[in-house]
Each structure stands twice: as structure tokens, then as C-alpha cells.
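# Make a model of this:
(chains A and B)
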Protein chains: 2
Amino acid sequence: MSGQGGPKVRLGVAGLGTVGQGLVRLVAARPAFAPGGGQVEVTAVSARRRDAARGVDLRAMTWFDDPVALARSSEIDIFIELIGGAEGPARESVVAALEAGKPVVTANKALIAHHGAELARLAEARGVALRFEAAVMGGAPAVKVLREALVGDQIDAVAGILNGTCNYILTEMEAEGLDFARALAQAQGLGYAEADPSTDIGGYDAAHKIVILAALAFGGAPDWSRAEVEGIEKVELIDIRLAGALGFRIKLVALARRAADGVSVSVHPTLLPLEHPLARADGALNALFIHAQDLGELFIQGAGAGAGPTAMAVAADIADVLAQPVRPVFQTPADRLAKGAPAPSRKAREGAYMRLMVRDEPGVVAALSETLADAGLSIDSLLQKRLEEVAAVPIVLTTHPAEEASIARAVARLGALPCMTEPPRVMRIARI
Amino acid sequence: MSGQGGPKVRLGVAGLGTVGQGLVRLVAARPAFAPGGGQVEVTAVSARRRDAARGVDLRAMTWFDDPVALARSSEIDIFIELIGGAEGPARESVVAALEAGKPVVTANKALIAHHGAELARLAEARGVALRFEAAVMGGAPAVKVLREALVGDQIDAVAGILNGTCNYILTEMEAEGLDFARALAQAQGLGYAEADPSTDIGGYDAAHKIVILAALAFGGAPDWSRAEVEGIEKVELIDIRLAGALGFRIKLVALARRAADGVSVSVHPTLLPLEHPLARADGALNALFIHAQDLGELFIQGAGAGAGPTAMAVAADIADVLAQPVRPVFQTPADRLAKGAPAPSRKAREGAYMRLMVRDEPGVVAALSETLADAGLSIDSLLQKRLEEVAAVPIVLTTHPAEEASIARAVARLGALPCMTEPPRVMRIARI
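Numbers count the residues shown, from 1 in each chain, chains lettered A, B, ... in the order given. Sure, this is the predicted structure:
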């Protein structure tokens, strides 16, 4: 592209929400940020409404009503997609830019999780870069670390707290003793959660991100269809308290892990030992824990969202586009992505946390433990704790790791016991 | 270099200690680790003793008695320097490889901290890469993150726990109630500390590393002459206990920070608030905390040493040499390194921890606080705690941040008070 003293590198930015505004400000403040890459300038922009109040001066930039026209324009050297969404104008404009032979930098996790393989093929066929550091963990360089820093190693597991909204809600529930609905309302009041929070609290945002990280960590294309997704809507304060009494904290954990028969990719409310670094990532933080054979453990923590960190990640991608030749978009060249992908795992073994609300009768613990033993589950710890606010007695227990099918069988049988006053509440315990 | 299906990339490895052996094993196990970079092979090696027992098979490799001859050999494409030391064969062989136009990957922090600018000039003049990810934090990608991921941002501070030996000793002192000498002996017994531990416990190893990180974070060349270095030899168990009572943990903190008048680079035993992520990096872990304007905070933690992590970092550098064009060795091209460097700071302000052993007499606290006020220091917290094992009464206090000169003045005056039974013990408190 452009070297020292060469012409300016012209960015076309589609989408002028908080991240787009942050990028316009960053580039205006530090136009020479790319080492050895010359000067960078936002020369053209596109957004839904031209007249929205944005607090950034767009007068020197060419305005495009249509992001696809911007993507194809000869007035830009790099197309920056900050529209969002897996379909519609985001997808169309990225395809248009790649087809026009322009490098693309995007912060769009849904787009990459759903269409990453197709876009990678297109980018590599045209010999241009497609980069998405800002799609995962805001300013923390999760994509770069997995794509470039660990190539000499074999990664076993990647576990992340990847959604700041959920993490804020869970942190507030524990710290302030709020129930889920009140913590969500508080998060919405502070702007940490959207008016329609379902993408965040349903676990889909975190799932988009772990699908992308799994592709980078284990090879293969991002495969949205294989992600198992559970949100935090059913996490109750009582479980947070009882997990705490057993030495755990409940987090929404996005996990991609190599098992004997393949790789599992999932998002679940999960118990983490209190001393685990992921358990300590509180509030709106994002965090990633990687386990690899030679490296051992690596932990990264930072702001997962926000205009500053996310725009910074976009800028790092722009600098890499200017400094680096085109690497494969994922670890494997796109024409071999399908073949190289590990099989999904059906044999991952997890420990389980179970909360069983029972009538206070003789023989209850014996009945429970017999049922568990029959299903082949072994109890790791058990706590019976009368709580003032509830009539039934909660018995919480954790099991040693077992296959999902065994846990499901045990839960079905437990639910049918006459002593139970409500269905068992079950969550995973992380071994990462 | 070599593309997919091209000829093998030939590595020449000088130094066959644990890291060298780890690299030979890694390359043998995963010769295609570099994405799109083809096959890699160790074809030639050099070490002090040819007949040492190493547990790796060197028979297919060409042996060189002289690492300089290996560095110049036409039988290798990339020179890997794992000898160590700022001078002698390490420096001579790296210079020889660069002069011969060969890319160099090294794990040698002393070499880069002392001669980084000179070597960068040579590498950039010849248009070849000089990379040193393994020199800092073993497998945790501190160098890559500072060199590539944060280029769009302005970094304010980089604070690290960069020496696993010191961190292990301090962790054991606190956890087991050991004094420094016993914890050091235990670390030596377990192989965590060398027979001559002075480079580690004197803070010099951590200083080499923070000098390198400061060059990457703030521009300019690594400048060993400006590092302020204090080791952990004088950290006493009583200070660890009293700091804990005030809500702090003592760590050997390597710190590079931008102040109004320049950048300060230092290594000191430092009090960190217990809830700070750096305070929780225990045992032989390394950790790095970065604060930047747009990003906010970023925290990275991993194994700081060992054959596996360090060899993995060398492999990542090899993959980057194969995948990337040559970037400037530091953030600034080497011919501009001298001009671009920020001035050293003389105005950094730190809070201080002071332990004052005093005779139990009336008026002591008044005398102390008067002395501090006269020196312009303001007390943040004060704890007087009689300990069974000591006759004098320890008074520990923390001050609000102040310039170093004021603190030194206050300490001199306190030391001269008649109520003091021993000289004041002073440590920094981190504001990072």
C-alpha cells in the first residue's frame, strides 16, 4: 500500500455508531499511527442518517448513502465495516469491497461467525486482507494472539468471558444481592445493556465470538451451526450464593475445547473456582484463558467493548494491513478450511452443579445419592443449607466430570423423585 | 522465504540448553507450524559441549563448534541465538548473522537491552528481521502485543512481574512465613533459582525486560543506562505481613511510565493493592499490566520461563519471519531511534510505604507525623502493631504520592529521630 512519505492511505468507514466515531477521532488525533505505514485519513463515510448528531466533524469526508457504493468507491484504499449484523448492508458491503480488491477491516462478529469461510475464500482469491480483531474482546488482542502468537503450539482449550453485559449483570447480582431482572434493569439504565438485550443475555453475542476464536485456535472455518448456546436468563441469586459457599463463582463461559473425538464449542453459565483468573474478571471486563501443550496457560483481560478499545483494535488491523503481506484469514488457507476442521466432540466430560429443592424429610439425601449412583455419577461435594427466604431445603452438590448423557439421565431421574419441590437446576463446572 | 511446497526452511540453532532442546523437539514434532510457511527444520546446531547429554537427537544436524561460523553458514536460512549474555559469542554470532543478511530470532534479553539499537540498525540496513519475543515473559506475547496490537493507542504505563524466581520467592515468603534466605534456598533446591541467583534477585533480569518493553511502548531504543534497579534481597517477612495488614502485597514490579517530563524505567519491590491483577500473579508466573489512553487496561499473564513456553515464543517469531515483511525492530525505524526517544522522567510521583521501628514512648507518633509534614508528605494510612517477635514497636504508614526527593528528605529526617531503633524501611506503592 503506502510507504513512508507516500500518499495518504484513504479509509472508507461504513457505520458511524460509537465505534465509528471513535475511529474517526483516533485517526484524526494520530494519523501516523501505523509504524512505517505513512499517514492514514478517513476520506469517505456512510451511515443510516446523515444528519445525526455525532460530535465528530465529517465535513472533509465524502458522504455515501449506500455502504455498498462506498465499499466499491475508487476514493478509498481500505474498507472499514462497522455496521453490524450477519446479513444486509454489512455483508453486502464487505463482499463488494473484497470483490473490488479492497482490504476489509471489520468489527462484526456475527458476520464472521456466520459467513467467515465464504468471505475468507473471497479475500484470499482476490489476495486482499480481511481482518476482525475488534470483533472479539474489544481492544484485547485475542485474534492476533491466537492467529500469530501460538502457531508453534497445540491449543487444548480456549475459555472466555466474552460478553460484558452478562458479566456486569452477574457481578452485580453477586455484589448487590440483586435478582436477574433488577440487575438487567440496572445494566440497561447505565447503558451496559440494550433495550432489547436478547443477543447479549441469550449468549448469542458470546457464541459468535467463541465460534471465531475456535476457528483460529483449532483450524477450520467458523461453524455457527455447531455452537451450543445457553444464556444467563435462568441464573438465580440463590445459585450464585450457593455456588459461592462451595468455592465457585458463576460466569457466562464461552468454551472451545479439544476432546478425544473432536472439538466442542459452547456458551453456558458455568461455575469457576474462585481462584481461577476468569472468575476474577468482574464487571464489564472481558477475559480469555488459553491452555496449550507447550505454553501451558495464558490469560488475557481487558475492556471488551466501548468506542476507545474497539476503535484501537480496528486501528491495529489497519496497521497490519499496511505492514503485512496477506496471511490466511484463519489458520488454514480458505480453500482447505472445510477439510481441515476437527470433528465436533460428543464426548466432552464436565462436572455438574445441581441445586435440588427438597422437602425436609428423613431419607432424602439417601434417595438423591442412590439416584446419582445409579446414573453413574459420583458426588464431589454436597451442601445442605436452609435459607430463610425459602420453605424447601436446598441441597447443592457437585459431581465429578461425566459425559453429558449421564448427567441428563441423572437429572431426569432426580426430577421424578417425590421429595423434589421443583425441577433440579443444573450448571456446568469448568475444568479449564 | 519458502512458500507452501517450497524447499524446507533451515534453522541454525546456537545454544542447546533447555530452550534450545525445547525448540529442537517442537520443530521435530510440528515442522509445518508456520501457517503458509512450508516445512521448517533444524539443520545445524552449535553449543559449548558436543557430548553433553540432551535427550534430543542431533545426528541429522551439522555440528558447529563456533556459533559465529554457524551464523554465517550458507546451510541455514534463519539464525536462532539461544546462548545468552550481552557480550561474547551471543553478540558476535548475532552480528555475524545479520551482516550475512540472515534473519535472527533470539531469546536473549540482556543482548537486546544492552545492544538493541545497534543490532536494529544493522538488521534494518540489511533488510532482515531481528525478533525477540522469547526474551520477555516466555510464551506470553508481550513483545507482539506492544509492537503490533496497540499501535493505534498512546501507552501511559507498562508494569510487569517479569522475573519468576523473585515472584516465587516472594510468594513463598508470604504463604509459608519464610524469611528471604530460606525462601531463596528452597527456590534453589527446586531449580527455580540459579546457584548464583544475583541476576534474578538483584532485579537485573527484570530490568533487561522492562528496558525492552519500554522501547516498544514509548518509542526509542532500549536504554539500559536509564533503568533504576533494586532487587528483593532486603524484603523482610515483617514488611510482607504489615503490607498485607494494610491491604497490599509486595511484588518485584518492573515499571515503565510516561510522566509529564518524560519516561521513567525502574525495577523495585513495590506494594500493590491486593485486588490488582498484578498482585494475584503468584509463584513462577509472569504478568504484564498495560494502561493506554483508548484501550484502558490490558492484563496478560502466563508462564515466564521454561523450555515449552520459551521455545513456543521462538517458533512464533520464526513463523512471523516467514509470513511478514520486515518491520522496524522497535516501533521507530532504527535510524530515527535516538531522536525519537522520550526524555527520562525526574518527576514521577509515587506513594511510599514506610516501616519505622520505634521505642514505645509517649509522643512518638506526633514526632513522626511532624517530621513527615515538614518534608511535605501527607499520610494516607498509619498502623501501629506490636509484634510478639520484636522488641521495638513497628509503625507502618503509607503516604500520598510525592516526588522522590521529598520522600528521600523525609526518610533522612526520620532516620535521625532519637526514638528510632533502626533505619526506616521504605518501599514504593504502585499507582498503575
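
# what about A:D360, distance to B:L288?
52 Å (CB to CB, to the nearest Å). All C-beta atoms are positioned from the backbone trio N, CA, C, and that covers glycine.

# Which one's more surrounded, those two?
Between A:D360 and B:L288, B:L288 has the larger neighbour count (other CB atoms under 10 Å in any protein chain shown), namely 29 against 11.

# so, in contact with chain A or not, the helix or strand where that one lies?
Using DSSP states H and E, B:L288 maps to strand B:285-292. Yes. Residues of strand B:285-292 contacting chain A under CB under 8 Å from any CB of the partner chain: B:A292.

# Tell me which helix or strand comes right after that strand.
Downstream of strand B:285-292 (by DSSP H and E), the next one is strand B:296-303.

# Does anything pack onto that following strand? Which helices or strands?
Under the contact definition 3 or more CB pairs under 8 Å, 6 or more residues apart in numbering or on different chains; DSSP states H and E, strand B:296-303 sits against strand A:296-303, strand B:285-292.

# Could you give the number of residues near A:I379?
With other CB under 10 Å as criterion, A:I379 counts 14.

# my bad, should have said A:L383
13.

# separation between the closest residue to it other than its chain neighbours and chain B?
Sequence neighbours aside, A:V396 is the residue nearest to A:L383 in space, at 5.0 Å (criterion: CB to CB, 6 or more residues apart in numbering or on different chains). The gap separating A:V396 from chain B is 27 Å, by CB to the nearest CB, to the nearest Å.

# show me what contacts A:V396?
Residues counted as contacts of A:V396 (CB atoms under 8 Å, 6 or more residues apart in numbering or on different chains) are A:242-243, A:245-246, A:353-356, A:382-383, A:385.

# Report pLDDT for it.
pLDDT for A:V396: 89.

# So which residues of the stretch 101-250 of chain A form strands?
Assignment of strands within the stretch 101-250 of chain A using DSSP state E, counting those that start in this stretch yields the ranges A:104-106, A:130-131, A:155-161, A:228-229, A:248-259.

# in what helix or strand does A:V19 lie?
Secondary structure (DSSP H and E) places A:V19 in helix A:18-29.

# what bits of the stretch 301-432 of chain A have low per-residue confidence?
Low-confidence segments of the stretch 301-432 of chain A (pLDDT under 70): A:325-329, A:331-342, A:346-348, A:387-390.

# Apply 80 and report the result again.
A:324-349, A:385-391, A:431-432 (pLDDT under 80).

# so which residue of it comes closest to chain B?
Using CB to the nearest CB, A:A315 is the residue of the stretch 301-432 of chain A that sits closest to chain B, at 2.6 Å.

# Ramachandran angles for the closest residue to that residue other than its chain neighbours?
Excluding the flanking residues, the one nearest A:A315 by CB to CB, 6+ apart is B:G152, at 2.6 Å. Backbone geometry at B:G152, expressed as degrees, to the nearest 10, gives phi -80, psi 0.

# And for B:G152, the neighbour number?
The local packing of B:G152 (other CB under 10 Å) involves 26 other residues.

# How about A:A52?
9.

# quick one: it and A:L16 touch, right?
Yes. Counting by CB atoms under 8 Å, A:A52 does reach A:L16; the two are 7.4 Å apart.

# how's chain A carved up into domains?
Taking automatic domain parsing as the reference, chain A has its domains at A:9-139+A:309-338, A:142-304, A:349-429.

# Nearest to B:L190, out of these?
domain A:142-304 (16.9 Å; CB to CB).

# can you give me the end-to-end distance of the closest one?
End-to-end span of domain A:142-304 (CA to CA, to the nearest Å): 11 Å.

# who's in contact with the nearest residue in space to A:A256 that is not next to it in sequence?
Leaving aside its sequence neighbours, A:A256 sits nearest to A:A214 (CB to CB, 6+ apart; 3.6 Å). Shown in contact with A:A214 (CB under 8 Å, 6+ apart): A:158, A:220, A:222-223, A:256, A:263, A:265.

# Repeat that for A:V94.
A:71, A:79, A:81, A:104, A:106, A:108, A:111, A:119, A:130.

# Quick check on the residues you listed: which are buried?
The neighbour count (16 or more other CB atoms under 10 Å in any protein chain shown) marks A:71, A:79, A:81, A:104, A:106, A:108, A:111, A:119, A:130 as buried among the contacts of A:V94.

# The first one sits in which helix or strand?
Using DSSP H and E, the secondary-structure element containing A:A71 is helix A:67-72.

# before we move on, what SS does the most far-flung residue of chain A relative to its centre have?
If you look at how far each residue of chain A sits from its centre, by CA atoms, centre = their mean, the farthest one is A:P362, at 45.5 Å. Three-state assignment for A:P362 (DSSP: H, G, I helix; E, B strand; the rest coil): coil.

# What of A:A319?
Under three-state DSSP, A:A319 comes out as helix.

# isn't it right next to A:G38, touching?
No. Using CB under 8 Å, A:A319 is not in contact with A:G38, being 10.8 Å away.

# Who has more neighbours out of these two?
Per other CB under 10 Å, whichever of A:A319 and A:G38 has more neighbours is A:A319, with 22 against 17.

# And for the helix holding A:A71, what's in contact with it?
With CB under 8 Å, 6+ apart as the test, helix A:67-72 has contacts from A:12, A:14-15, A:44-46, A:64, A:76, A:79, A:81, A:83, A:89-90, A:92-94, A:96-97, A:100, A:102.

# interface residues of the stretch 251-400 of chain A facing chain B?
Checking the stretch 251-400 of chain A against chain B by CB under 8 Å from any CB, the hits are A:277, A:280, A:292-303, A:306, A:308-309, A:311-316, A:318-320, A:323-325, A:327-328, A:331-333.

# Which residues are in contact with A:G55?
Shown in contact with A:G55 (CB under 8 Å, 6+ apart): A:Q21.

# Need the three-state assignment for it.
Here A:G55 is recorded as coil under three-state DSSP.

# again with A:E275
Applying three-state DSSP to A:E275 yields a three-state assignment of coil.

# Which pLDDT value belongs to it?
In this model, A:E275 carries a pLDDT of 91.

# A:S264 too?
On the pLDDT scale, A:S264 gets 90.

# What strand or helix carries it?
According to DSSP H and E, A:S264 maps onto strand A:262-273.
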